[in-house]
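> got a sequence here, can you build the structure:
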Amino acid sequence: MNYIKIENKNERVIRTEILFTPVLVFLPFLVGIFFIFDWYIHGFVEGIFGYEGELILGFIIVIGNLIFDIPFIRALYKLTKIKNSKK
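Okay, here's the model as predicted:
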């Protein structure tokens, strides 16, 4: 049971968040871009009006991702900056 005993749990959680940052930032962005691209191919080029929902969904995902991820990345950047200055 030695693996359960951790001296500083916050440091381990923050390290996990830093490792998952590319997934948390880029995956929703890529999904939103995919929806916008799919609307462009099927809705705009082919003229099928049923794909307008994908455009709206793509914009919601991309804009929501930017709104929530920019402060998250700033906070992680400041945290690593503080952590590096203490060394």
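
> what strand or helix carries the closest residue to I18 other than its chain neighbours?
Of all residues not flanking I18 in the chain, L76 sits nearest, at 6.1 Å (Cβ to Cβ, 6 or more residues apart in numbering). Using the backbone N, CA and C atoms, a C-beta is placed for each residue, glycine as well. Element membership of L76, judged by DSSP states H and E, is helix 52-86.

> same for that helix, what does it pack against?
helix 9-38 (3 or more Cβ pairs under 8 Å, 6 or more residues apart in numbering; DSSP states H and E).

> list the buried ones in the helix it packs on?
Residues of helix 9-38 classed as buried by neighbour count (16 or more other Cβ atoms under 10 Å): 25, 28, 32, 35-36.

> middle-most residue in this structure, spatially?
Nearest to the geometric centre of the chain sits V25, at 1.9 Å (Cα atoms, centre = their mean).

> now do the helix or strand bottoming out on mean pLDDT in the chain against helix 52-86, angle only.
Ranking every helix and strand in the chain by mean pLDDT, DSSP states H and E puts helix 9-38 at the bottom, with a mean of 85. With axes from the mean of the first three to the mean of the last three Cα atoms, to 10 degrees defining the directions, helix 9-38 sits at 150 degrees from helix 52-86.

> from the contact counts, what lies against helix 9-38?
Applying 3+ Cβ pairs under 8 Å, 6+ apart, one finds that helix 9-38 contacts helix 52-86.

> next one: V62 from T80, what distance?
In this view, V62 and T80 are 26 Å apart by Cβ to Cβ, to the nearest Å.

> give me the buried positions along stretch 43-56.
Neighbour count says stretch 43-56 has 43, 51, 54-55 buried, by 16+ other Cβ under 10 Å.

> any chance of these in TSV, plus distance to F20?
Converted to TSV, the buried residues of stretch 43-56 look like this (distance: Cβ to Cβ, whole Å):
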residue	distance to F20
G43	33
Y51	32
E54	27
L55	29
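
> and of these, the nearest to L66?
L55 (16.7 Å; Cβ to Cβ).

> since that was my last question, I'll sign off now.
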